[in-house]
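[1] Sequence isn't available, so here's the structure alone:
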């Protein structure tokens, strides 16, 4: 274990009966979060720790400037160094009544110390934020999931399914989320990757909408509609949970200044639809289209399709007769809704720009001005755009989830599937093969979106 000789001597004295070289300045209680400034504590500074069979001590650097502080811990019998990586470090183990933490070389920096017997308080989360889409100066982003929808599986003979336009259930309690957004040139990844460091930064753009949203996958997330961004600019995004847990970074690029399509979001009947669509700009003061501003000549036919499909599906003995050991009528309705929304709302996009071309290329289909859209209920627009085709796997998911008598059939990759779907990104396209596509996903954390996975 690495430790300077003078600090080792001082710390050994702290854990013995000899005269200590550094006195305990403060006791850190269990399940607490404390913030300190190096300019207001001695050097070195020593903090008492509680006894616990499983104590976790985590440290987060809050200052953006370079610092050289060191953190050492004794649990009463052994000495450990809490090594920092990206401004964050932690230790877990048993501690006795004379456990303590020593901080050396804090200088002018600010840092947090969290003490817990229920796991680490500071954390870098594995779950990432989700990029919805962007226009030239707006973006839709989502937090990592904070809860999952709880539903009761319907049973025969009272097997019921959600209506086409079901109201959003009451959102469960949510952590406090903060969105941090900055141009790539700000080099956020070079800063300490801690909540207290990132939360101190000024975020780009203005949040026009912030709310909890239940996506079609059953995940509750916080969603943000951000406006005032710069066109054709690479952005880095983090989400901070309760100021101590960091999710990200993810990356995305705003569209060019000539990109004409507005964003649509927050549709109860299409809960995963959050992207640009070929419509004229919404009427002021709306920032983007939502369920209240979307033209009814677009939403009404979709709701009727969904209602008719559900009625037909329920003619099957749902909950009594099994058509699959893995799928139910509820699964079928959910996947059909996802497919219907992805084909009913054409997604606008544009080819990637910059010196390095995106590989593989996205499933883009040019749409000249005045051409009838894929959805006949959408208006003919007087501008040119590129349509990002739905992923073929969205259709396959319906085929796998629904009873055979519905006659659902998807185009074959070997023939004409790529005329209306993005093929080979998630699945390889070979008959019967799931996975092994060129990307394995519809989009990634770097802002590449290859097909519309809705």
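    Looks like it came in fine. Predicted model, so just to flag it, every value in this text is computed and none were measured.

[2] can you give me the helices in the stretch 351-454 of the chain?
    392-401 (DSSP state H, counting those that start in this stretch).

[3] With the chain instead?
    Remark: helices assigned in the chain by DSSP state H are 5-14, 195-198, 296-313, 329-344, 392-401.

[4] closest to residue 172 out of those helices?
    Closest of those to residue 172 is helix 329-344, at 19.6 Å (criterion: Cβ to Cβ). The C-beta positions use only the backbone N, C-alpha and C, and glycine is treated the same way.

[5] now that closest one and helix 296-313, what's the angle there?
    With axes from the mean of the first three to the mean of the last three Cα atoms, to 10 degrees defining the directions, helix 329-344 sits at 150 degrees from helix 296-313.

[6] Not counting its neighbours along the chain, what's nearest residue 117?
    The spatial neighbour of residue 117 that comes closest, neighbours along the chain excluded (Cβ to Cβ, 6 or more residues apart in numbering), is residue 52 at 4.7 Å.

[7] got a pLDDT number for the one you found?
    Listed pLDDT for residue 52 reads 96.

[8] Could you do the one 5 residues further on as well?
    Per-residue confidence for residue 57 comes out at a pLDDT of 98.

[9] what is it paired to in the beta sheet?
    residue 91, residue 115 (DSSP bridges).

[10] Return the member of the helices of the chain having the minimum mean pLDDT.
    Among these, helix 5-14 scores lowest, at a mean of 46.

[11] Flag the shaky bits of this structure, pLDDT-wise.
    1-23, 66, 354-359, 428-433, 435-436 (pLDDT under 70).

[12] Report the central residue of it.
    Most central in the chain under Cα atoms, centre = their mean is residue 129, positioned 1.9 Å from the mean C-alpha point.

[13] contacting residues around that residue?
    141-144, 179, 237-239, 247-248, 250 (Cβ atoms under 8 Å, 6 or more residues apart in numbering).

[14] Torsion angles phi and psi at it?
    Per-residue torsions, residue 129: phi -60, psi 170 (degrees, to the nearest 10).

[15] Distance-wise, check it relative to residue 398.
    28 Å (Cβ to Cβ, to the nearest Å).

[16] ditto for residue 53
    Residue 53 is 51 Å from residue 398, by Cβ to Cβ.

[17] ditto for residue 336
    Residue 336 sits at a distance of 5 Å from residue 398 (criterion: Cβ to Cβ).

[18] partners of the residue lying closest to residue 186 once chain neighbours are set aside in the sheet?
    With Cβ to Cβ, 6+ apart as the criterion, residue 186 has its nearest non-adjacent residue at 7.2 Å, and that residue is residue 236. Listed beta-bridge partners, residue 236: residue 182, residue 251 (assigned using DSSP bridges).

[19] so residue 236 touches residue 184, yeah?
    Yes: between residue 236 and residue 184 there is a contact under Cβ atoms under 8 Å: 5.5 Å.

[20] quick one, which of the two is more surrounded?
    residue 236 (21 against 15; other Cβ atoms under 10 Å).

[21] Spit out the contact partners of the more buried one.
    Counted by Cβ under 8 Å, 6+ apart, residue 236 has contacts 181-184, 186, 188-189, 248-251.

[22] Now do the same contact list for residue 36.
    45, 103, 106, 110-113.

[23] partners of it in the sheet?
    Applying DSSP bridges to residue 36, the residues it is bridged with are residue 111.

[24] Make 363 the first number, not 1, from now on.
    I'll keep to 363 as the first residue from here, and by that count the last item is residue 398.

[25] And it, how far from residue 748?
    As judged by Cβ to Cβ, residue 398 and residue 748 stand 53 Å apart.

[26] can you check residue 698 too?
    27 Å.

[27] how much space between the residue nearest to residue 472 when sequence neighbours are not counted and residue 496?
    Once flanking residues are discounted, residue 472 sits nearest to residue 424: 4.2 Å by Cβ to Cβ, 6+ apart. Distance, residue 424 to residue 496, using Cβ to Cβ: 30 Å.

[28] The two: which has the busier surroundings?
    residue 496 (26 against 21).

[29] which residues touch stretch 550-558?
    Outside stretch 550-558, the residues that touch it by Cβ under 8 Å, 6+ apart are 397, 422-426, 448-450, 472, 474, 484, 486, 542, 544, 559-560, 563, 598, 600, 602-608, 611.

[30] one step back: closest to residue 441 out of the helices of the chain?
    Comparing those under Cβ to Cβ, the one sitting nearest is helix 367-376, at 5.6 Å.

[31] rewinding a little: the more surrounded of residue 415 and residue 760?
    More crowded of residue 415 and residue 760, by other Cβ under 10 Å: residue 760, with 22 against 8.

[32] Please list all residues in contact with that one.
    694, 697-698, 700-701, 770, 772.

[33] With distance to residue 572 added, can I get these in CSV?
    Shown next, in CSV, are those (distance: Cβ to Cβ, whole Å):
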residue, distance to residue 572
694, 34
697, 30
698, 31
700, 25
701, 29
770, 38
772, 38
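
[34] Check these against residue 632 and report the nearest one.
    Of those, the one sitting nearest to residue 632 (Cβ to Cβ) turns out to be residue 700, at 8.5 Å.

[35] Spell out which residues sit in contact with that closest one, please.
    Taking Cβ under 8 Å, 6+ apart as the test, what residue 700 contacts is 578, 634, 756, 759-760, 816.

[36] can you put those in TSV and add distance to residue 435?
    Converted to TSV, these look like this (distance: Cβ to Cβ, whole Å):
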residue	distance to residue 435
578	46
634	46
756	51
759	50
760	55
816	48
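
[37] and of these, the nearest to residue 591?
    Distances from residue 591 to the contacts of residue 700, taken by Cβ to Cβ, are shortest for residue 634, at 22.5 Å.

[38] Quick check: phi and psi at the closest one.
    phi -100, psi 0.

[39] From residue 414, how far out is it?
    43 Å.

[40] What of residue 673?
    59 Å.

[41] and what of residue 622?
    Taking Cβ to Cβ, one finds residue 622 at 60 Å from residue 414.

[42] Next: residue 495.
    From residue 495 to residue 414 the distance is 47 Å (Cβ to Cβ).

[43] can you check residue 476 too?
    Residue 476 is 13 Å from residue 414, by Cβ to Cβ.

[44] ditto for residue 778
    The gap separating residue 778 from residue 414 is 65 Å, by Cβ to Cβ.

[45] just residue 692 next, same as before
    Counting by Cβ to Cβ - residue 692 and residue 414 are separated by 45 Å.

[46] Kindly report the same for residue 649.
    49 Å.

[47] was I right about residue 644 contacting residue 655?
    Yes: the pair residue 644 / residue 655 is scored as a contact, 5.2 Å apart, by Cβ under 8 Å.

[48] could you pull out the strands for the stretch 463-612 of the chain?
    For the stretch 463-612 of the chain, the strands defined by DSSP state E, counting those that start in this stretch cover 472-478, 485-486, 492-496, 500-504, 509-510, 539-545, 568-576, 581-589, 596-603, 607-615.
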